[in-house]
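Quick one, structure for this:
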Amino acid sequence: MKIVTKKVENVIIVYPPSWLDLDTSAQFRSRIAKLIDAEDECHLLLNFKDVKHINSANLSELIKAKKKLEKSKRAMKMCGVHDKVKDVFEVVNFNTFFEIFDTEDEALFSFKN
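Reported below is the predicted structural model:
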């Protein structure tokens, strides 16, 4: 599984693959954990523009990552969530737990405020 990342100022942007299921959850968790540990002053932005499917194991990993970031006064936000994934987020109330933006630019701007 390839996870593309880039850094913009103090924000690491993560572009997850299109399919986040049980087969990919361990790799996804490991990659996110390494980023959080390696970039100890950076916020995290997950750009879901390519994600078409996400399962409960990966949803759980997102919650754990957000909590870990918050312990060190950092934030995790999301953007570019497709309607199908957004429906899943709404069912599990992710839209109340995470800040979700339509575009990457909007999300990046929100880190400055």
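
in stretch 26-39, what's buried?
With burial defined by 16 or more other C-beta atoms under 10 Å, the residues of stretch 26-39 counted as buried are 28-29, 31-32, 35-36, 39. Using the backbone N, CA and C atoms, a C-beta is placed for each residue, glycine as well.

quick check, nearest of those to residue 67?
Lowest distance from residue 67 to these (C-beta to C-beta) belongs to residue 36, with 10.7 Å.

hang on, the closest one in a strand?
No: Residue 36 is assigned helix when assessed by DSSP: H, G, I helix; E, B strand; the rest coil, not a strand.

rewinding a little: which of the buried residues of stretch 26-39 sits closest to residue 89?
Closest approach to residue 89 among the buried residues of stretch 26-39 (C-beta to C-beta): residue 28, at 16.2 Å.

Look up which residues are beta-bridged to the most centrally placed residue in the chain.
What sits nearest the mean C-alpha location of the chain, by C-alpha atoms, centre = their mean, is residue 46, with 3.2 Å. Beta-bridge partners recorded for residue 46 (DSSP bridges): residue 14, residue 78.
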